[in-house]
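Student: Predicted model and sequence below, questions to follow.
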Amino acid sequence: MRYTVALVLVLLLAAGLRVFHLSTVPTELIVDELDLYNSVSAIVSTGHDVDGTLKPFLWSQFTRNPPLYGVAGYASSLVFGKTPFGLRFPAALFGVAAVLCLYGLGYELTRRRDVALLAALFAAVQPIFVQFSRVAWEPSSELPFLLGGLYVLARTIRRAGEPGMRPFGGFVLSAALLSIACYTYMAAWFYALLLAGGLVLLNAKRLAEIKALLPLTAAAIIGVLIALPALQMIFLDPSTAGKSQRIATFAGGVSLQTLGVFARNYIAHFDLSYLVTTGDPQPGSTWRYLNGFGAFSWWIVPLALSGLIALGGYVKDWRLRLWLIVWLLAYPLGGALTNDGVPNAPRTLAGAPVFCLLAAIGSAIFLDWRRRWAGAALAIAVAVSTLQFSAFYFTRYVHRNSNAWDSGTAAMFAAVRAREKTYDRVCFSVWPAWYGIDTYVRFYLGNGMPTYTNIDDPACFRPRTLIVTDNDHHLKREGFRAIATIRDVNNAPFAILSARTAAD
């Protein structure tokens, strides 16, 4: 009973860290979040995506994206409105579900509820998991299906030989969850195949002895059928497969150069500055992952190392011990197999939970050795680091590299909408790096005021025209006068509105 109450409290803590100020931290909705919503909204209203097609993955400017989060975000918007909270709320739910799944995995590995509870607690408060449970994009939906599938698979394998146990149902549920993960994020299929396949291979002899390979094979076939449309998009669709090929480390073959790139990218994910201090070294240009805080609290690393050393004492099954080591070694592969050259938090998100599992095992060493002293020290470390992270994240984070979250965009479009009845058209010349003006126009303006993204279009010289330029690219045009300056979250100029009325 006490562990149930404790688990509920951990889940409430996880929910609080994921829902508090959800609309404004991160600063505002960005292209990656809105592309998913726009696609699902277009499919619901018109029967096709924004590009006129209807495919299993959703359209975006650079590739097609797995659809699960887009569907969840659109459904949430019907309840909470077309708002940042409405689009991001499913991310928080997925984040809490992932914490619960990690509790289950921790228990399967050690058969100890205290270790499982610690794994859940650690996942609840780690910066990387909080951050990826607060943004309405594909990685936010990955972990509950991946971890849930692995938990069910581990549990079913363990119980497969029990009298009267029929493992087929468990294998099917696991295969279904892992297959659904293929519709969450582009890297999910890789980790699902590697981790689930590794667990099965390590237990192949035992499964053969208890005649469980046939139901496992049947369940795997069902899983492949469920995942088949996603796999076809990932490997055969020109847009998605083309991007994967462009960013693959070994796209041009294996050579000393590409092996060097792989090694550097692999090692970078274990860099202490990324893991526990500064986070993403290029937050403004590598997709806003972690800016000013490490992926984990500092104490996770020594505890995880302790857990790795003490695996034999807490994970009795040698196959599960070896599986955890495989998971740790596989953690950087989602980033190392791509050529960005920096730690890549979303592509390696599926590997990150192993740190919490190992740290929970490492904590058990000290709790068993001297329970009161160790328990107090651990509680203080968790509380202090969580408060420090929260104080930074909910107050200062949005002011660091605010342009990485396109701060000022919502205010800019609000200013345009407020003038829809005064002007006949709006012309945009807003082009910071990666700025998806078409995506923002679809979300904020829809089919309302006629919109032009070519500032030199003849229509953009006519009377009753509103021109919007970003602060870095001022535009002076005869007959137009500045009527408003839009500012970002730091009160710095973001965009300038100029207008030409009928009388000008």
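Tutor: Looks like it arrived, so ask away.

Student: Would you map the helices across the stretch 401-504 of the chain?
Tutor: For the stretch 401-504 of the chain, the helices defined by DSSP state H, counting those that start in this stretch occupy 409-417, 437-444.

Student: per-residue confidence averaged over the one helix or strand residue 384 maps to?
Tutor: Per DSSP states H and E: residue 384 is located in helix 371-393. What helix 371-393 shows for mean pLDDT is 90.

Student: got a list of what the most centrally placed residue in the chain touches?
Tutor: When CA atoms, centre = their mean is applied to the chain, the residue found nearest the centroid is residue 139 (2.6 Å). Taking CB atoms under 8 Å, 6 or more residues apart in numbering, we find residue 139 in contact with 132, 184-185, 346, 349. Backbone N, C-alpha and C define where each C-beta goes, glycine included.

Student: So which bits of the helix holding residue 384 are buried?
Tutor: Using 16 or more other CB atoms under 10 Å as the test for burial, helix 371-393 gives 374, 378, 381-382, 385-386, 389-390, 393.

Student: cool, and stretch 66-85?
Tutor: Neighbour-count burial for stretch 66-85, counted by 16+ other CB under 10 Å, picks out 66-74, 76-77, 84-85.

Student: if we can go back for a sec, I'd like the contacts of residue 139 as a markdown table, with distance to residue 421, pLDDT and neighbour count appended.
Tutor: Output for the contacts of residue 139, formatted as a markdown table (distance: CB to CB, whole Å; pLDDT from 0 to 100; neighbours: other CB atoms under 10 Å):
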| residue | distance to residue 421 | pLDDT | neighbour count |
| --- | --- | --- | --- |
| 132 | 41 | 94 | 26 |
| 184 | 42 | 98 | 28 |
| 185 | 42 | 97 | 29 |
| 346 | 42 | 91 | 24 |
| 349 | 45 | 95 | 28 |
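
Student: Find the residue ranges of the chain scoring beneath the pLDDT cut-off.
Tutor: 281-289, 371, 433, 503-504 (pLDDT under 70).

Student: could you show me where the strands are in it, in order?
Tutor: 58-59, 64-65, 425-429, 451-452, 465-470, 481-487, 493-500 (DSSP state E).

Student: Which strands border the fourth one, and is each parallel or antiparallel?
Tutor: Next to strand 451-452 in the sheet, as set by DSSP bridges, lie strand 425-429 (parallel).

Student: ok, residues contacting the partner strand?
Tutor: The contact list for strand 425-429 (CB under 8 Å, 6+ apart) reads 416, 437, 441, 445, 449-455, 457, 459-460, 462, 464-470, 473, 475.

Student: Looking at the contacts of residue 139, spot the one nearest residue 210.
Tutor: Proximity to residue 210 was ranked across those by CB to CB; first place goes to residue 184, at 32.1 Å.

Student: In contact with the closest one, which residues?
Tutor: Taking CB under 8 Å, 6+ apart, we find residue 184 in contact with 66, 68-69, 138-139, 141-142, 145-146.

Student: ok, back up a step: which one of the strands of the chain lies nearest to residue 336?
Tutor: Short answer: strand 64-65, nearest of those by CB to CB, at 22.2 Å.

Student: Partner strands of the closest one and their direction?
Tutor: Using DSSP bridges, strand 64-65 pairs in its sheet with strand 58-59 (antiparallel).

Student: gap between the partner strand and the chain center?
Tutor: Centre-to-centre, strand 58-59 and its host chain are 17 Å apart (CA atoms, centre = their mean, to the nearest Å).

Student: Same question for stretch 169-187.
Tutor: Distance, stretch centre to chain centre, for stretch 169-187: 17 Å (CA atoms, centre = their mean).
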